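Participant: The sequence and its predicted three-dimensional model are supplied below.
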Amino acid sequence: IWPAAQRDFVYESHKEKLGEGEQPDWIVCNVSCDHPDAPSDKYCRAKVEIVFYCQTILTGDPLCRDNFKCKIFYSSQIDPGGWVPAAAVKAAATKEYPKFIKNLGTFAQEHVKDQKIRF
């Protein structure tokens with residue numbers, strides 16, 4: 001987002017299925033880390049902590065995509081590093097996060113529309 005300079009980060013990610021049965025929930029956690037292969041330049045400076053929780057809800061029979069809903073819980077703490085004031089980061093996040101969630105939903109629906117339902 002202009003006028004901020006380019007930023008990058010290295011992170012570890014963990015995905016886990018929660019619960020057993022036909023409709024398990026999923027959680028994904030991402031956290032920044034250092035890595036010896038990461039570039040040590042001015043761009044690799046952002047820090048993130050992200051939790052993404054997805055709960056799948058079957059709303060009726062038969063087992064088809066029209067009978068599914070997903071509840072998404074998303075929490076993130078992002079420090080872009082550098083000179084950007086916290087108020088500017090918050091203002092950008094307030095505008096960009098809703099777009100991100102909408103785009104994520106659109107991407108997910110397009111990605112699975114012709115695939116077999118699987119948990």
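Facilitator: Received it, and whenever you're ready, just let me know what you need. Please read these numbers as outputs of a predicted model, since none were measured by experiment.
Participant: quick one: low-confidence parts of this protein?
Facilitator: 1-5, 119 (pLDDT under 70).
Participant: which residue is nearest the middle of it?
Facilitator: With distances taken as Cα atoms, centre = their mean, Phe52 lies nearest the centre of the chain, 5.7 Å away.
Participant: what are the bridge partners for it, then?
Facilitator: Val28, Tyr74 (DSSP bridges).
Participant: I'd say it and Phe100 touch.
Facilitator: No - look at Phe52 against Phe100 with Cβ atoms under 8 Å: they stay out of range, at 11.1 Å. For glycine as for every other residue, the C-beta is placed from the backbone atoms N, C-alpha and C.
Participant: For Ile101, what are phi and psi?
Facilitator: phi -60, psi -40 (degrees, to the nearest 10).
Participant: roughly how far apart are it and Pro24?
Facilitator: Relative to Pro24, Ile101 is positioned 22 Å away (Cβ to Cβ, to the nearest Å).
Participant: next one: Asp66
Facilitator: 21 Å.
Participant: more crowded one of those two?
Facilitator: Pro24 (14 against 7; other Cβ atoms under 10 Å).
Participant: What ranges does this structure have for its helices?
Facilitator: Counting by DSSP state H, one finds helices in the chain at the ranges 86-112.
Participant: Could you count how many residues lie near Tyr43?
Facilitator: Neighbours around Tyr43, by other Cβ under 10 Å: 12.
Participant: ok, now the one 3 residues further on?
Facilitator: Other residues within reach of Ala46, judged by other Cβ under 10 Å, total 17.
Participant: Surely it is in contact with Asp8?
Facilitator: Yes - counting by Cβ under 8 Å, Ala46 touches Asp8, with 6.6 Å between them.
Participant: just to revisit the earlier point, show me what contacts the residue nearest to the centre of the chain?
Facilitator: Residues near Phe52 by Cβ atoms under 8 Å, 6 or more residues apart in numbering: Ile27, Val28, Cys29, Asn30, Ile72, Phe73, Tyr74.
Participant: Same check on Asn30?
Facilitator: By Cβ under 8 Å, 6+ apart, the neighbours of Asn30 are Tyr11, Glu12, Ser13, His14, Val48, Glu49, Ile50, Phe52.
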